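Novice: Quick one, fold the following:
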Amino acid sequence: MAHIIASLYAFMDKSPLRALSLILALAFAGAIFWDPTRFAAATGVFSVWQGFLMIWAVCAGVIHGVGFRPRRVLWQGIFCPMLADIVLLTAFVILVL
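Specialist: So this is what the prediction gives:
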């Protein structure tokens, strides 16, 4: 399992993908600051667990986007940039539609 996580992280360790992660994370964080009522559990389109997932995705996207590479495979798995980008793209599609 450690080899799969390390190879997945190595696949995403490219400058264009880092830029994509950073842009998605910062844009999503800006959208949260711009209109927080869209993300509130009582009035928004997302539930509480989806909010936690989006916060994790923003954190993972910024960590990957600024060029920080966790040394241990455990942390590479927790802050997997591919999963974070998928979550951020899905959240943008839900917000737009």
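
Novice: quick one: Phe92 and Arg72, what's the gap?
Specialist: Per Cβ to Cβ, to the nearest Å, Phe92 is found 30 Å from Arg72. Just so you know, the C-beta spots here come from the backbone N, C-alpha and C atoms, and that holds for glycine as well.

Novice: out of those two, which sits in the more crowded spot?
Specialist: Comparing Phe92 with Arg72 by other Cβ atoms under 10 Å, the one with more neighbours is Phe92, at 14 against 9.

Novice: Longest helix in the chain, please.
Specialist: Across the chain, the helix with the greatest residue count (assigned by DSSP state H) is helix 15-34.

Novice: just the angle between whichever helix or strand comes after that one and helix 15-34, please?
Specialist: Beyond helix 15-34 in the direction of the C-terminus, DSSP states H and E gives the next helix or strand as helix 48-65. If you take axes from the mean of the first three to the mean of the last three Cα atoms, to 10 degrees, helix 48-65 sits at 140 degrees to helix 15-34.

Novice: Show me which residues of the strand or helix carrying Asp85 are buried.
Specialist: Secondary structure from DSSP H and E places Asp85 in helix 81-96. Neighbour-count burial for helix 81-96 flags 81, 83-85, 87-88, 91 (criterion: 16 or more other Cβ atoms under 10 Å).

Novice: quick one: it to helix 15-34, angle?
Specialist: Interaxial angle of helix 81-96 relative to helix 15-34 (the same axes, to 10 degrees): 40 degrees.

Novice: next one: helix 81-96 to chain centre, how far?
Specialist: On the basis of Cα atoms, centre = their mean, to the nearest Å, helix 81-96 sits 7 Å off its chain's mean C-alpha point.

Novice: pLDDT averaged over that helix - what is it?
Specialist: Summarised as a single mean, pLDDT over helix 81-96 is 88.
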